[in-house]
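>>> Model the following, please.
(one chain, ligands or ions: 1)
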Amino acid sequence: MLEPCGRRPPADSLIAEFSRFLSGRMGLHFPPERRADLERGLAAAARELGFTDTESCIRSLLASAFARPQLETLASHLTVGETYFFRERPSFECLEAHVLPALVRDRRAGERRLRIWSAGCATGEEPYSIAMALARAIPDLSDWNVSILATDINPRALRKASLGIYGDWSFRDAPAGIRETFFARTKDGRFEIAERIRSMVSFGYLNLAEDGYPSVENATNAMDIVFCRNVLMYFDPAHGRKALEKLGRSLMNDGWLFVNPVEMPQTALPQLVTVNLPGTIAYRKGARLASAEPERAAMPAWLSGAPVLSQALADVAAAIELPQMAPQGGQPTVCAPTPYQQAAALYALGRYPEAAETLRQALARDPGDAAAMALLARSCANQGDLAEAAKWCKQAVAADKLNSGWHYLLATIVQEQGAAEEAAAALRRALYLDQDYALAHFALGNLFRRQGRRMGSERHYRNALAVLGGCAHEQVLPESEGITAGRLAEIIRASLSSEASA
Ligand SMILES: C[S@@+](CC[C@H](N)C(=O)[O-])C[C@H]1O[C@@H](n2cnc3c(N)ncnc32)[C@H](O)[C@@H]1O
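Prediction:
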(Lines give C-alpha, C1' and ligand atoms only; values in the text may rest on other atoms or scores of the structure.)
Protein backbone atom coordinates (compact mmCIF):
# COMPACT_ATOMS: atom_id res chain seq x y z
CA MET A 1 0.00 0.00 0.00
CA LEU A 2 1.35 3.44 -0.92
CA GLU A 3 0.72 6.67 0.99
CA PRO A 4 -1.18 9.36 -0.98
CA CYS A 5 2.05 11.16 -1.89
CA GLY A 6 3.48 7.96 -3.37
CA ARG A 7 5.74 7.01 -0.45
CA ARG A 8 5.78 3.56 1.08
CA PRO A 9 4.11 3.16 4.49
CA PRO A 10 6.48 2.89 7.47
CA ALA A 11 8.29 -0.39 7.98
CA ASP A 12 6.82 -2.96 10.36
CA SER A 13 9.73 -2.57 12.77
CA LEU A 14 9.21 1.20 12.99
CA ILE A 15 5.48 0.79 13.57
CA ALA A 16 6.24 -1.79 16.25
CA GLU A 17 8.66 0.58 17.99
CA PHE A 18 6.14 3.41 17.84
CA SER A 19 3.39 1.13 19.19
CA ARG A 20 5.54 0.38 22.23
CA PHE A 21 6.14 4.08 22.71
CA LEU A 22 2.43 4.84 22.43
CA SER A 23 1.59 2.14 24.89
CA GLY A 24 4.05 3.58 27.42
CA ARG A 25 2.83 7.17 27.05
CA MET A 26 -0.90 6.73 26.49
CA GLY A 27 -1.61 3.11 27.45
CA LEU A 28 -2.99 2.55 23.94
CA HIS A 29 -2.62 -0.87 22.38
CA PHE A 30 -2.86 -1.52 18.65
CA PRO A 31 -3.05 -5.28 18.03
CA PRO A 32 -2.41 -6.53 14.45
CA GLU A 33 -6.12 -6.33 13.60
CA ARG A 34 -6.06 -2.58 14.36
CA ARG A 35 -2.90 -1.88 12.38
CA ALA A 36 -4.91 -0.12 9.66
CA ASP A 37 -6.49 2.21 12.29
CA LEU A 38 -3.02 3.02 13.61
CA GLU A 39 -1.62 3.81 10.17
CA ARG A 40 -4.64 5.91 9.25
CA GLY A 41 -4.47 7.86 12.50
CA LEU A 42 -0.74 8.35 12.22
CA ALA A 43 -1.02 9.57 8.63
CA ALA A 44 -3.63 12.14 9.69
CA ALA A 45 -1.54 13.23 12.71
CA ALA A 46 1.56 13.54 10.48
CA ARG A 47 -0.30 15.82 8.06
CA GLU A 48 -1.56 17.96 10.91
CA LEU A 49 1.90 18.20 12.46
CA GLY A 50 3.27 19.43 9.11
CA PHE A 51 5.14 16.32 7.94
CA THR A 52 5.05 15.24 4.32
CA ASP A 53 5.08 11.56 5.22
CA THR A 54 4.24 9.36 8.18
CA GLU A 55 7.68 7.82 8.58
CA SER A 56 9.50 11.10 9.19
CA CYS A 57 6.74 12.09 11.63
CA ILE A 58 7.20 8.86 13.59
CA ARG A 59 10.99 9.21 13.62
CA SER A 60 10.76 12.80 14.80
CA LEU A 61 8.28 11.90 17.56
CA LEU A 62 10.42 8.99 18.73
CA ALA A 63 13.50 11.20 18.82
CA SER A 64 11.88 14.05 20.73
CA ALA A 65 9.86 12.25 23.45
CA PHE A 66 6.81 14.17 22.25
CA ALA A 67 5.33 16.91 24.37
CA ARG A 68 1.80 18.06 25.01
CA PRO A 69 0.90 19.58 21.60
CA GLN A 70 2.01 16.42 19.77
CA LEU A 71 0.26 14.25 22.33
CA GLU A 72 -2.89 16.31 21.80
CA THR A 73 -2.73 15.79 18.06
CA LEU A 74 -2.01 12.07 18.41
CA ALA A 75 -4.81 11.65 20.96
CA SER A 76 -7.29 13.27 18.64
CA HIS A 77 -6.40 10.91 15.78
CA LEU A 78 -5.62 7.67 17.60
CA THR A 79 -8.28 7.42 20.30
CA VAL A 80 -11.82 6.27 19.71
CA GLY A 81 -14.16 8.99 20.91
CA GLU A 82 -17.53 7.40 20.26
CA THR A 83 -20.06 8.21 22.96
CA TYR A 84 -23.67 9.28 23.44
CA PHE A 85 -26.05 10.22 26.22
CA PHE A 86 -27.05 7.33 28.52
CA ARG A 87 -24.83 4.91 26.60
CA GLU A 88 -25.35 1.38 27.91
CA ARG A 89 -28.52 2.49 29.56
CA PRO A 90 -28.82 -0.25 32.21
CA SER A 91 -25.82 1.28 34.01
CA PHE A 92 -27.65 4.58 34.34
CA GLU A 93 -30.90 2.88 35.31
CA CYS A 94 -29.05 1.09 38.13
CA LEU A 95 -27.32 4.32 39.09
CA GLU A 96 -30.67 6.08 39.41
CA ALA A 97 -32.67 3.26 40.94
CA HIS A 98 -30.15 1.51 43.14
CA VAL A 99 -26.77 3.14 43.70
CA LEU A 100 -27.76 6.78 44.24
CA PRO A 101 -30.77 6.16 46.51
CA ALA A 102 -28.62 3.95 48.79
CA LEU A 103 -25.79 6.50 48.88
CA VAL A 104 -28.19 9.33 49.60
CA ARG A 105 -29.84 7.35 52.40
CA ASP A 106 -26.44 6.69 54.02
CA ARG A 107 -25.29 10.27 53.74
CA ARG A 108 -28.46 12.17 54.50
CA ALA A 109 -27.78 12.42 58.21
CA GLY A 110 -24.13 13.46 57.85
CA GLU A 111 -22.10 15.37 55.32
CA ARG A 112 -24.26 15.67 52.20
CA ARG A 113 -21.49 15.15 49.70
CA LEU A 114 -21.19 13.11 46.52
CA ARG A 115 -18.06 12.75 44.42
CA ILE A 116 -18.17 11.14 41.00
CA TRP A 117 -15.52 10.77 38.28
CA SER A 118 -16.02 10.07 34.60
CA ALA A 119 -12.54 8.99 33.47
CA GLY A 120 -12.22 9.02 29.70
CA CYS A 121 -15.27 11.24 29.27
CA ALA A 122 -14.73 12.02 25.55
CA THR A 123 -17.07 14.84 24.46
CA GLY A 124 -18.99 14.92 27.73
CA GLU A 125 -22.12 12.90 27.10
CA GLU A 126 -21.24 10.45 29.91
CA PRO A 127 -20.61 12.96 32.75
CA TYR A 128 -23.65 15.01 31.72
CA SER A 129 -25.75 11.81 31.72
CA ILE A 130 -24.53 11.19 35.27
CA ALA A 131 -25.50 14.75 36.23
CA MET A 132 -28.96 14.26 34.71
CA ALA A 133 -29.34 10.95 36.57
CA LEU A 134 -28.51 12.79 39.81
CA ALA A 135 -31.07 15.48 39.02
CA ARG A 136 -33.70 12.80 38.44
CA ALA A 137 -32.82 10.66 41.46
CA ILE A 138 -32.26 13.27 44.17
CA PRO A 139 -35.19 15.66 44.68
CA ASP A 140 -33.30 17.97 47.06
CA LEU A 141 -30.11 18.00 44.98
CA SER A 142 -29.50 21.70 45.64
CA ASP A 143 -28.89 20.86 49.32
CA TRP A 144 -26.05 18.53 48.35
CA ASN A 145 -22.43 19.26 47.61
CA VAL A 146 -22.02 17.38 44.34
CA SER A 147 -18.91 17.27 42.20
CA ILE A 148 -18.56 15.39 38.94
CA LEU A 149 -15.01 15.35 37.64
CA ALA A 150 -14.71 14.53 33.94
CA THR A 151 -11.28 13.89 32.42
CA ASP A 152 -9.83 12.80 29.11
CA ILE A 153 -6.55 12.72 27.22
CA ASN A 154 -8.05 14.41 24.17
CA PRO A 155 -8.21 18.17 24.77
CA ARG A 156 -10.28 18.75 21.64
CA ALA A 157 -12.95 16.43 23.00
CA LEU A 158 -12.75 18.29 26.32
CA ARG A 159 -13.29 21.65 24.63
CA LYS A 160 -16.43 20.32 22.93
CA ALA A 161 -17.55 18.86 26.24
CA SER A 162 -17.22 22.22 28.00
CA LEU A 163 -19.32 23.89 25.30
CA GLY A 164 -22.14 21.44 26.03
CA ILE A 165 -23.80 21.73 22.62
CA TYR A 166 -24.84 18.53 20.84
CA GLY A 167 -26.53 17.29 17.70
CA ASP A 168 -29.28 14.68 17.33
CA TRP A 169 -26.83 11.75 17.05
CA SER A 170 -25.72 12.18 20.67
CA PHE A 171 -29.29 11.38 21.77
CA ARG A 172 -29.55 8.10 19.88
CA ASP A 173 -30.30 6.06 23.01
CA ALA A 174 -31.40 8.74 25.46
CA PRO A 175 -34.55 8.09 27.51
CA ALA A 176 -37.70 9.93 26.48
CA GLY A 177 -37.99 13.49 27.72
CA ILE A 178 -34.27 14.05 28.35
CA ARG A 179 -33.85 16.60 25.59
CA GLU A 180 -36.95 18.54 26.58
CA THR A 181 -36.07 18.60 30.28
CA PHE A 182 -32.35 19.31 30.25
CA PHE A 183 -31.53 21.07 26.96
CA ALA A 184 -32.44 24.25 25.10
CA ARG A 185 -32.56 24.38 21.30
CA THR A 186 -29.90 26.56 19.69
CA LYS A 187 -30.54 28.77 16.64
CA ASP A 188 -28.84 26.23 14.38
CA GLY A 189 -31.03 23.36 15.57
CA ARG A 190 -28.67 21.77 18.07
CA PHE A 191 -29.18 21.31 21.81
CA GLU A 192 -27.42 23.14 24.62
CA ILE A 193 -27.19 21.57 28.08
CA ALA A 194 -28.95 23.46 30.91
CA GLU A 195 -26.66 25.47 33.17
CA ARG A 196 -27.81 23.61 36.30
CA ILE A 197 -26.48 20.38 34.73
CA ARG A 198 -23.37 21.90 33.20
CA SER A 199 -22.33 23.50 36.47
CA MET A 200 -22.18 20.12 38.23
CA VAL A 201 -19.37 18.93 35.93
CA SER A 202 -15.77 20.13 35.81
CA PHE A 203 -13.62 19.02 32.91
CA GLY A 204 -9.88 18.48 32.98
CA TYR A 205 -7.03 16.82 31.12
CA LEU A 206 -5.81 13.57 32.66
CA ASN A 207 -3.80 10.81 31.03
CA LEU A 208 -4.83 7.56 32.73
CA ALA A 209 -1.59 5.89 31.67
CA GLU A 210 0.79 8.52 33.02
CA ASP A 211 -0.73 10.92 35.49
CA GLY A 212 -0.85 10.60 39.27
CA TYR A 213 -4.12 9.43 40.81
CA PRO A 214 -5.62 9.19 43.31
CA SER A 215 -4.41 12.56 44.47
CA VAL A 216 -5.91 15.36 46.51
CA GLU A 217 -4.09 17.76 44.19
CA ASN A 218 -6.09 16.86 41.09
CA ALA A 219 -9.23 15.99 43.09
CA THR A 220 -9.16 12.34 41.99
CA ASN A 221 -9.41 11.11 45.58
CA ALA A 222 -12.27 9.81 47.71
CA MET A 223 -14.70 9.08 44.89
CA ASP A 224 -18.09 7.55 45.60
CA ILE A 225 -18.54 6.45 42.00
CA VAL A 226 -16.12 6.12 39.09
CA PHE A 227 -17.21 5.59 35.51
CA CYS A 228 -14.41 4.47 33.19
CA ARG A 229 -16.25 2.76 30.41
CA ASN A 230 -15.02 1.90 26.93
CA VAL A 231 -11.61 3.40 27.64
CA LEU A 232 -9.42 0.61 28.99
CA MET A 233 -10.46 -1.79 26.24
CA TYR A 234 -8.01 0.12 24.03
CA PHE A 235 -5.16 -0.24 26.55
CA ASP A 236 -2.60 -2.99 26.62
CA PRO A 237 -3.41 -5.43 29.45
CA ALA A 238 -0.62 -4.27 31.79
CA HIS A 239 -1.56 -0.59 31.57
CA GLY A 240 -5.24 -1.45 31.79
CA ARG A 241 -4.75 -3.41 35.00
CA LYS A 242 -2.56 -0.71 36.52
CA ALA A 243 -5.16 1.95 35.67
CA LEU A 244 -7.92 -0.16 37.24
CA GLU A 245 -5.90 -0.65 40.41
CA LYS A 246 -5.37 3.09 40.66
CA LEU A 247 -9.03 3.82 39.94
CA GLY A 248 -9.85 1.38 42.73
CA ARG A 249 -7.65 3.42 45.07
CA SER A 250 -9.49 6.56 44.04
CA LEU A 251 -12.70 5.06 45.42
CA MET A 252 -13.97 5.36 48.96
CA ASN A 253 -14.63 2.09 50.72
CA ASP A 254 -17.94 0.77 49.37
CA GLY A 255 -17.53 3.05 46.32
CA TRP A 256 -18.75 1.90 42.90
CA LEU A 257 -16.80 1.37 39.71
CA PHE A 258 -18.58 1.17 36.37
CA VAL A 259 -16.46 -0.31 33.61
CA ASN A 260 -17.41 -2.43 30.69
CA PRO A 261 -16.96 -6.04 31.98
CA VAL A 262 -14.77 -6.87 28.97
CA GLU A 263 -12.31 -4.31 30.33
CA MET A 264 -11.79 -6.20 33.58
CA PRO A 265 -8.62 -8.31 33.70
CA GLN A 266 -8.81 -12.10 33.72
CA THR A 267 -7.42 -12.29 37.22
CA ALA A 268 -9.53 -10.48 39.78
CA LEU A 269 -8.48 -7.24 41.42
CA PRO A 270 -8.54 -7.99 45.15
CA GLN A 271 -10.00 -4.60 46.07
CA LEU A 272 -13.00 -4.87 43.76
CA VAL A 273 -15.91 -7.23 44.02
CA THR A 274 -18.31 -7.96 41.17
CA VAL A 275 -21.91 -6.93 41.83
CA ASN A 276 -24.67 -8.18 39.56
CA LEU A 277 -27.22 -5.44 39.01
CA PRO A 278 -30.36 -5.66 36.86
CA GLY A 279 -29.11 -5.79 33.26
CA THR A 280 -25.53 -4.88 34.06
CA ILE A 281 -22.49 -5.54 36.20
CA ALA A 282 -20.65 -3.08 38.42
CA TYR A 283 -17.71 -3.40 40.80
CA ARG A 284 -17.58 -2.36 44.39
CA LYS A 285 -14.70 -1.60 46.67
CA GLY A 286 -15.00 -2.84 50.21
CA ALA A 287 -12.46 -3.41 52.96
CA ARG A 288 -14.87 -5.99 54.32
CA LEU A 289 -14.89 -7.79 51.02
CA ALA A 290 -11.21 -7.66 50.19
CA SER A 291 -9.11 -10.58 51.26
CA ALA A 292 -6.21 -9.18 53.21
CA GLU A 293 -4.85 -12.37 54.71
CA PRO A 294 -1.19 -11.90 55.52
CA GLU A 295 1.16 -14.33 53.82
CA ARG A 296 3.28 -14.63 56.90
CA ALA A 297 5.48 -17.49 55.76
CA ALA A 298 6.78 -15.53 52.79
CA MET A 299 7.49 -12.37 54.74
CA PRO A 300 10.63 -10.98 56.25
CA ALA A 301 10.66 -11.24 60.03
CA TRP A 302 9.85 -7.60 60.67
CA LEU A 303 6.69 -7.85 58.59
CA SER A 304 5.30 -11.05 60.00
CA GLY A 305 4.40 -9.48 63.30
CA ALA A 306 2.76 -6.43 61.77
CA PRO A 307 -1.01 -6.21 61.42
CA VAL A 308 -2.73 -7.11 58.13
CA LEU A 309 0.30 -6.91 55.89
CA SER A 310 0.61 -8.92 52.70
CA GLN A 311 3.35 -9.87 50.28
CA ALA A 312 2.37 -6.85 48.23
CA LEU A 313 3.40 -4.68 51.14
CA ALA A 314 6.72 -6.46 51.28
CA ASP A 315 7.17 -5.61 47.58
CA VAL A 316 6.44 -1.96 48.21
CA ALA A 317 8.74 -1.95 51.19
CA ALA A 318 11.44 -3.25 48.88
CA ALA A 319 10.56 -0.63 46.30
CA ILE A 320 10.93 2.20 48.80
CA GLU A 321 14.38 0.85 49.56
CA LEU A 322 14.30 0.15 53.24
CA PRO A 323 17.81 0.40 54.60
CA GLN A 324 19.87 -2.80 54.57
CA MET A 325 22.13 -3.52 57.49
CA ALA A 326 25.67 -4.68 56.83
CA PRO A 327 25.81 -8.43 56.23
CA GLN A 328 26.35 -10.34 59.44
CA GLY A 329 27.49 -13.89 59.18
CA GLY A 330 27.15 -13.64 55.42
CA GLN A 331 23.38 -12.91 55.44
CA PRO A 332 22.17 -9.37 54.70
CA THR A 333 19.39 -8.45 57.12
CA VAL A 334 16.69 -5.90 56.52
CA CYS A 335 16.25 -3.19 59.16
CA ALA A 336 12.78 -3.00 60.62
CA PRO A 337 10.98 -0.06 58.99
CA THR A 338 9.82 2.82 61.08
CA PRO A 339 6.05 3.07 61.58
CA TYR A 340 6.15 6.04 59.19
CA GLN A 341 7.75 3.85 56.50
CA GLN A 342 5.16 1.15 57.11
CA ALA A 343 2.42 3.72 56.78
CA ALA A 344 3.99 5.14 53.61
CA ALA A 345 4.04 1.63 52.12
CA LEU A 346 0.39 1.07 53.05
CA TYR A 347 -0.49 4.48 51.62
CA ALA A 348 1.32 3.63 48.38
CA LEU A 349 -0.81 0.46 48.15
CA GLY A 350 -3.97 2.53 48.56
CA ARG A 351 -4.69 0.97 51.97
CA TYR A 352 -5.59 4.28 53.54
CA PRO A 353 -7.48 3.08 56.66
CA GLU A 354 -4.51 0.91 57.67
CA ALA A 355 -2.04 3.68 56.85
CA ALA A 356 -4.11 6.05 59.02
CA GLU A 357 -4.22 3.56 61.89
CA THR A 358 -0.45 3.03 61.74
CA LEU A 359 0.12 6.80 61.71
CA ARG A 360 -2.22 7.35 64.66
CA GLN A 361 -0.22 4.78 66.62
CA ALA A 362 3.03 6.46 65.55
CA LEU A 363 1.67 9.84 66.64
CA ALA A 364 0.61 8.44 69.99
CA ARG A 365 4.30 7.68 70.56
CA ASP A 366 5.71 10.83 68.92
CA PRO A 367 3.03 13.55 68.94
CA GLY A 368 5.31 16.11 67.27
CA ASP A 369 5.99 14.21 64.02
CA ALA A 370 4.74 16.67 61.38
CA ALA A 371 5.45 14.33 58.44
CA ALA A 372 3.27 11.66 60.06
CA MET A 373 0.50 14.24 60.60
CA ALA A 374 0.67 15.31 56.94
CA LEU A 375 0.54 11.71 55.69
CA LEU A 376 -2.37 11.07 58.03
CA ALA A 377 -4.08 14.14 56.53
CA ARG A 378 -3.60 12.67 53.04
CA SER A 379 -4.86 9.25 54.17
CA CYS A 380 -7.99 10.84 55.64
CA ALA A 381 -8.55 12.98 52.54
CA ASN A 382 -8.29 9.87 50.37
CA GLN A 383 -11.02 8.28 52.45
CA GLY A 384 -13.20 11.34 51.98
CA ASP A 385 -12.89 12.54 55.57
CA LEU A 386 -11.94 16.12 54.77
CA ALA A 387 -12.68 17.48 58.25
CA GLU A 388 -10.24 15.02 59.82
CA ALA A 389 -7.74 15.67 56.99
CA ALA A 390 -7.89 19.43 57.60
CA LYS A 391 -7.50 18.90 61.35
CA TRP A 392 -4.31 16.84 60.94
CA CYS A 393 -2.91 19.09 58.27
CA LYS A 394 -3.41 22.15 60.49
CA GLN A 395 -1.53 20.29 63.23
CA ALA A 396 1.30 19.55 60.78
CA VAL A 397 1.44 23.25 59.89
CA ALA A 398 1.47 24.23 63.56
CA ALA A 399 4.25 21.73 64.33
CA ASP A 400 6.41 22.80 61.39
CA LYS A 401 5.36 26.29 60.27
CA LEU A 402 8.23 26.72 57.85
CA ASN A 403 7.39 23.71 55.70
CA SER A 404 5.79 25.13 52.57
CA GLY A 405 4.54 21.63 51.60
CA TRP A 406 2.16 21.42 54.54
CA HIS A 407 0.66 24.85 53.71
CA TYR A 408 0.16 23.66 50.14
CA LEU A 409 -1.46 20.42 51.27
CA LEU A 410 -3.75 22.37 53.59
CA ALA A 411 -4.76 24.59 50.66
CA THR A 412 -5.80 21.59 48.56
CA ILE A 413 -7.83 20.11 51.41
CA VAL A 414 -9.68 23.26 52.44
CA GLN A 415 -10.33 24.07 48.81
CA GLU A 416 -12.08 20.72 48.48
CA GLN A 417 -14.17 21.78 51.46
CA GLY A 418 -15.19 24.85 49.46
CA ALA A 419 -13.14 27.37 51.48
CA ALA A 420 -11.54 29.24 48.56
CA GLU A 421 -10.26 32.21 50.58
CA GLU A 422 -8.68 29.99 53.22
CA ALA A 423 -7.06 27.99 50.41
CA ALA A 424 -5.71 31.17 48.80
CA ALA A 425 -4.26 32.29 52.14
CA ALA A 426 -2.52 28.93 52.63
CA LEU A 427 -1.10 29.07 49.10
CA ARG A 428 0.22 32.60 49.72
CA ARG A 429 1.94 31.32 52.86
CA ALA A 430 3.47 28.45 50.87
CA LEU A 431 4.75 30.95 48.29
CA TYR A 432 6.03 33.30 50.99
CA LEU A 433 8.15 30.42 52.30
CA ASP A 434 9.18 29.23 48.85
CA GLN A 435 8.64 31.60 45.96
CA ASP A 436 9.77 28.88 43.52
CA TYR A 437 6.97 26.53 44.52
CA ALA A 438 5.61 25.77 41.06
CA LEU A 439 2.63 23.72 42.23
CA ALA A 440 1.53 26.48 44.60
CA HIS A 441 1.71 29.07 41.78
CA PHE A 442 -0.29 26.70 39.60
CA ALA A 443 -2.92 26.09 42.29
CA LEU A 444 -3.27 29.83 42.97
CA GLY A 445 -3.55 30.42 39.22
CA ASN A 446 -6.38 27.87 39.07
CA LEU A 447 -8.11 29.39 42.05
CA PHE A 448 -7.97 32.91 40.58
CA ARG A 449 -9.15 31.56 37.26
CA ARG A 450 -12.24 30.05 38.86
CA GLN A 451 -12.89 33.41 40.55
CA GLY A 452 -12.65 35.16 37.17
CA ARG A 453 -9.43 36.99 38.17
CA ARG A 454 -7.69 36.54 34.84
CA MET A 455 -4.66 38.74 35.41
CA GLY A 456 -3.80 37.14 38.73
CA SER A 457 -4.33 33.69 37.29
CA GLU A 458 -2.10 34.36 34.29
CA ARG A 459 0.62 35.85 36.50
CA HIS A 460 0.79 32.75 38.66
CA TYR A 461 0.70 30.40 35.67
CA ARG A 462 3.63 32.29 34.15
CA ASN A 463 5.53 32.25 37.46
CA ALA A 464 5.06 28.49 37.60
CA LEU A 465 6.29 28.11 34.01
CA ALA A 466 9.37 30.20 34.79
CA VAL A 467 10.24 27.96 37.74
CA LEU A 468 9.55 24.78 35.77
CA GLY A 469 11.81 26.04 32.98
CA GLY A 470 14.72 25.48 35.36
CA CYS A 471 13.77 21.87 36.18
CA ALA A 472 14.53 18.67 34.31
CA HIS A 473 11.52 17.47 32.30
CA GLU A 474 11.28 14.17 34.21
CA GLN A 475 11.85 15.67 37.69
CA VAL A 476 9.03 14.63 40.00
CA LEU A 477 7.71 17.65 41.91
CA PRO A 478 7.55 17.43 45.70
CA GLU A 479 4.07 17.05 47.25
CA SER A 480 2.69 16.23 43.82
CA GLU A 481 2.14 12.46 44.16
CA GLY A 482 4.15 11.82 41.02
CA ILE A 483 3.62 14.72 38.63
CA THR A 484 6.74 15.68 36.66
CA ALA A 485 7.96 19.20 35.87
CA GLY A 486 7.46 18.61 32.14
CA ARG A 487 3.92 17.37 32.62
CA LEU A 488 2.91 20.32 34.80
CA ALA A 489 4.39 22.75 32.26
CA GLU A 490 2.28 21.10 29.55
CA ILE A 491 -0.87 21.41 31.64
CA ILE A 492 -0.17 25.08 32.38
CA ARG A 493 0.53 25.93 28.75
CA ALA A 494 -2.78 24.28 27.83
CA SER A 495 -4.58 26.31 30.52
CA LEU A 496 -3.00 29.52 29.24
CA SER A 497 -3.94 28.78 25.65
CA SER A 498 -7.52 27.83 26.54
CA GLU A 499 -7.75 31.06 28.57
CA ALA A 500 -6.49 33.05 25.59
CA SER A 501 -9.06 31.46 23.28
CA ALA A 502 -11.95 31.88 25.77
C1 LIG B 1 -14.88 5.44 23.42
S2 LIG B 1 -14.58 6.86 24.39
C3 LIG B 1 -15.53 6.49 25.80
C4 LIG B 1 -16.38 7.64 26.27
C5 LIG B 1 -17.32 7.31 27.43
N6 LIG B 1 -16.60 6.84 28.58
C7 LIG B 1 -18.35 6.31 27.00
O8 LIG B 1 -18.30 5.15 27.40
O9 LIG B 1 -19.26 6.70 26.26
C10 LIG B 1 -12.90 6.61 24.93
C11 LIG B 1 -12.24 7.84 25.49
O12 LIG B 1 -11.08 7.45 26.22
C13 LIG B 1 -10.10 8.45 26.06
N14 LIG B 1 -8.75 7.93 26.34
C15 LIG B 1 -8.00 7.08 25.62
N16 LIG B 1 -6.80 6.90 26.19
C17 LIG B 1 -6.79 7.63 27.32
C18 LIG B 1 -5.83 7.86 28.35
N19 LIG B 1 -4.61 7.32 28.31
N20 LIG B 1 -6.16 8.69 29.36
C21 LIG B 1 -7.39 9.28 29.40
N22 LIG B 1 -8.34 9.11 28.47
C23 LIG B 1 -8.04 8.29 27.43
C24 LIG B 1 -10.26 8.83 24.60
O25 LIG B 1 -9.69 10.09 24.31
C26 LIG B 1 -11.77 8.80 24.42
O27 LIG B 1 -12.34 10.06 24.59
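>>> was I right about residue 413 contacting residue 393?
Yes: the criterion here is Cβ atoms under 8 Å, and residue 413 meets it with residue 393 at 5.6 Å. From N, CA and C alone the C-beta is placed, and that goes for glycine too.
>>> Quick check: neighbours shared by the two?
Residues touching both residue 413 and residue 393 by Cβ atoms under 8 Å, 6 or more residues apart in numbering: residue 377.
>>> and residue 435, how many neighbours?
Using other Cβ atoms under 10 Å, the number of residues around residue 435 comes to 12.
>>> right, I mislabeled it, should have said residue 273
Residues near residue 273, counting by other Cβ under 10 Å: 15.
>>> Then residue 249?
Neighbour count of residue 249, defined by other Cβ under 10 Å: 22.
>>> same thing with residue 411?
Number of residues near residue 411 (other Cβ under 10 Å) recorded here: 29.
>>> In contact with it, which residues?
Counting by Cβ under 8 Å, 6+ apart, residue 411 touches 422, 423, 424, 426, 427, 430, 440, 443.
>>> Am I right that residue 225 is in a strand?
Yes: per DSSP: H, G, I helix; E, B strand; the rest coil, residue 225 lies within a strand segment.
>>> What residues does the stretch 251-400 of the chain have near the ligand?
Contacts of the stretch 251-400 of the chain with the ligand, taken as Cβ under 6 Å from any ligand atom, are absent.
>>> Tell me the spatial nearest neighbour of residue 81, not counting adjacent residues.
Sequence neighbours aside, residue 122 is the residue nearest to residue 81 in space, at 4.6 Å (criterion: Cβ to Cβ, 6 or more residues apart in numbering).
>>> Go back to the contacts of residue 411 and keep what's next to the ligand.
Among the contacts of residue 411, no residue sits close to the ligand (Cβ under 6 Å from any ligand atom).
>>> Let me know the closest of those to the ligand.
Lowest distance from the ligand to these (Cβ to the nearest ligand atom) belongs to residue 443, with 22.0 Å.
>>> correct me, but that closest one touches residue 408?
Yes: using Cβ under 8 Å, residue 443 makes contact with residue 408 at a distance of 7.1 Å.
>>> What does the residue nearest to the spatial centre of the chain show for phi and psi?
Nearest to the mean C-alpha position of the chain, by Cα atoms, centre = their mean, lies residue 213 at 4.2 Å. Residue 213 has phi and psi values of phi -160, psi 150 when expressed as degrees, to the nearest 10.
>>> For the ligand, what's the nearest residue on the stretch 401-502 of the chain?
residue 487 (12.8 Å).
>>> helices and strands of the protein: which one bottoms out on pLDDT?
Using mean pLDDT, DSSP states H and E, the weakest-scoring helix or strand in the chain turns out to be helix 301-304, at a mean of 30.
>>> residue boundaries of the helices in the stretch 151-300 of the chain?
155-163, 178-182, 195-198, 237-250 (DSSP state H, counting those that start in this stretch).
>>> Then the stretch 351-500 of the chain?
352-365, 370-382, 386-399, 404-416, 420-433, 438-450, 454-469, 485-501.
>>> For the residue of the stretch 251-400 of the chain found nearest the ligand, which residues are in contact?
Taking Cβ to the nearest ligand atom as the measure, the stretch 251-400 of the chain has residue 260 as its residue closest to the ligand, at 7.6 Å. For residue 260, the contact set (Cβ under 8 Å, 6+ apart) comprises 88, 229, 230, 233.
>>> cool, and residue 155?
By Cβ under 8 Å, 6+ apart, the contact list for residue 155 reads 72, 75, 76, 205, 494, 498.
>>> got a pLDDT number for it?
pLDDT for residue 155: 85.
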